[in-house]
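Visitor: Only the shape, not the letters, is given here:
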């Protein structure tokens, strides 16, 4: 058959017209579109059975309860667990992306000695040699855990020292602990019953205390109200998130917090706004006005305001005795809505003997910025290498959700709590906790399970408090300590009954001097890992929401 | 009966913590971008803007405005300009859907969006080795060269629909469908619900006297409402929050 030019043109025209009436090109286009969205080098989510596990966050001392969504054995999503009595389902921004931390590029995967690769056996031999040559120091960043018992026992057995690296919220309570002769860990803030909070720079709405506890309280009782149930007065040089959400923001010159506190105390005493007697501070109102940048009238009005609606709680961003002393004057120590004593079995570490240490071992809970003073050999446990660390030995510790641990009462809580966090992941390379490391050297140390059993038995014997899980179970209704431990291991949280507010005698012989050092509250201060989850970049890099924190980024 | 899913955000309760942004990114497999990514080139389906009343000194006040796709119901600007039909409004939910397979990356929709709530994906999605195991299996990763935005956690809606279907129900239980940002907010500032249901708490909040919408004068009927008792915050409603944030930074 001969094909003419006319046939060719007709055929082409027919084919062109026909294309518009067939689904083939559109299907091809669709397939190409889908294909171009699924290049083989583009990471794909895991496939596998999906489940939800209960766990606890161990990245700071708050111990927020988590619901972890698992797929194919890996955590793929995190949300808060509303059954937790303190956090009530809230998490910090970093917590929502914490499940990605274990794959952070700077994850510490091997033992390193002065920057070079080493083995666990070498590290152990080096530490044992150091122990034989002189006293060693053990530094714990989160006391009261079962692991802490092992660390403390090791120091005691070897005539060494056991030190606790306190957080900012705990340091703020240090003066009151000193005046009342009570351990810091037995003091907490009764935020739920207070009516006025005077904050000297404490980042109340930006990571202070337990996530969810204060923010929920603020949301329900203060946010946006012109005459709120809970008055928050934020005193700080620059407007912060807390200042923006506060009832009043009082801008003062940097470093004058203690002077302002002293002048407020003077007014409270001289104008008989409080009934409690206390030593008269030496600072005059006129002098404070010059230094702080406020007018004398403004200082007087502030004094009247803080005494107007009590209980009034005075908080500091860090240790500042002059600010803490205002609580004594306002009758807020050992009273509802103030600073209260809670049942906490932690003991105060003995004063460190003044002796040169041969070596110091830092637990993975110790802040990365912590630098031991002296020229001893430093053994540092960490899950991530935050860089710039001068430790002689870097020892890989379990990462997020990789370590079974218990969770004692978080700082600032007014009531005692206890929880057990199971590990739901296993590190793909050899890791050890500091307690496990020491147990290999000294087998007489209490194991994690022994201490947890003992703690559960103690709670059971007290017959106090409630287990908070999907439902609430009073301890009195449990048949045995074993049942109590079982419910805690299943994700429950024990919440003690509120302790009696009375019984906190504090004596002030003279008005204390303040601490002029200014420590600005960083939003990630309580975050223990020296790195941030990569998705935190959304907050400080891909938006102008936050300042870049001084942490390593991926 | 069609639903009309939307949000009511109480700006007086927003502390600007950013939990909603991180939770959104984790839920939707949004990668952390290279260090050179900025607030203009980043991928933030939920973005919290910081604004101020412009006063210096003790009278200064700041607020935070979370902005995501408003899911405009009336003459949705992004839908009308898309040459690829890559943006569709789901009539049964009111959700404005972005379909990456159809998107050719012309960015007309970004220009048309009055809320700057759309983002161009400038980089291939990448995670450090091993971290891809933590991706949400309910959401596919997107290639570079497409526009991304909030889809009200559509994967969660699908899960809720599957659960309802499995139990023989036609309608979902709203307790099963909570977007990640709503779930993450530590102060409970974000309410989510069916705005077409007068009994829904979110619907009632949207009709409260304190509720307002951003750029309401444009008449696009956005389904995100805001609430604030502060007059200066309400006054910002007729201005672009992104533009105001830039002004605040310059100050």
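Guide: Ah, there it is. Keep in mind that what you see is a predicted model, and the values were worked out from it rather than measured.
Visitor: check whether stretch A:393-407 contacts chain B.
Guide: No - Stretch A:393-407 does not reach chain B (Cβ under 8 Å from any Cβ of the partner chain); its nearest approach is 10.5 Å. Every C-beta, even on glycine, is put in place using the N, C-alpha and C of the backbone.
Visitor: average pLDDT for that stretch?
Guide: Stretch A:393-407 comes out with an average pLDDT of 95.
Visitor: again with stretch A:19-34
Guide: 82.
Visitor: got the buried residues for it?
Guide: Within stretch A:19-34, the residues that count as buried by 16 or more other Cβ atoms under 10 Å in any protein chain shown are residue A:33.
Visitor: again with stretch B:27-42
Guide: Buried residues in stretch B:27-42 (16+ other Cβ under 10 Å): B:27, B:28, B:29, B:30, B:31, B:32, B:33, B:37, B:39, B:42.
Visitor: which non-adjacent residue is nearest the residue nearest to the spatial centre of chain B?
Guide: With distances taken as Cα atoms, centre = their mean, the residue of chain B nearest its centroid is residue B:68 (2.3 Å). Nearest residue to residue B:68, sequence neighbours excluded (Cβ to Cβ, 6 or more residues apart in numbering or on different chains): residue B:150, at 3.9 Å.
Visitor: thinking the one you found is in contact with residue B:24, fair?
Guide: Yes - between residue B:150 and residue B:24 there is a contact at 7.3 Å, judged by Cβ atoms under 8 Å.
Visitor: How many residues are close by the residue nearest to residue B:68?
Guide: 27 (other Cβ atoms under 10 Å in any protein chain shown).
Visitor: Same check on the one 5 residues further on?
Guide: Residues lying near residue B:155 (other Cβ under 10 Å) number 17.
Visitor: right, and the helix or strand after the strand or helix carrying it?
Guide: Element membership of residue B:155, judged by DSSP states H and E, is helix B:154-166. As assigned by DSSP H and E, the chain's next helix or strand after helix B:154-166 is helix B:180-184.
Visitor: ok now that next one, how far from the chain's centre?
Guide: 11 Å (Cα atoms, centre = their mean, to the nearest Å).
Visitor: Also stretch A:235-243?
Guide: 21 Å.
Visitor: same question, stretch B:151-163
Guide: The answer for stretch B:151-163 is 16 Å, by Cα atoms, centre = their mean.
Visitor: quick one: is that stretch near chain A?
Guide: No - Stretch B:151-163 lies out of reach of chain A by Cβ under 8 Å from any Cβ, never closer than 9.5 Å.
Visitor: Now do the same contact list for the nearest residue to residue B:13 once chain neighbours are set aside.
Guide: Once flanking residues are discounted, residue B:13 sits nearest to residue B:189: 3.7 Å by Cβ to Cβ, 6+ apart. Counting by Cβ atoms under 8 Å, 6 or more residues apart in numbering or on different chains, residue B:189 touches A:219, B:9, B:10, B:11, B:13, B:14.
Visitor: Now with 6 Å, please.
Guide: Residues near residue B:189 by Cβ atoms under 6 Å, 6 or more residues apart in numbering or on different chains: B:10, B:13, B:14.
Visitor: Wait, residue B:3 touches residue B:192, no?
Guide: No - at 11.6 Å, residue B:3 does not count as touching residue B:192 under the criterion of Cβ atoms under 6 Å.
Visitor: So between the two, which is more surrounded?
Guide: Taking other Cβ under 10 Å, residue B:3 and residue B:192 do not tie; residue B:192 has more neighbours (24 against 21).
Visitor: nearest spatial neighbour of the more buried one, skipping sequence neighbours?
Guide: Nearest to residue B:192 is residue B:182, by Cβ to Cβ, 6+ apart, at 4.4 Å.
Visitor: hang on, isn't that neighbour packed against residue B:190?
Guide: Yes - Residue B:182 is in contact with residue B:190 according to Cβ under 6 Å; the separation is 4.7 Å.
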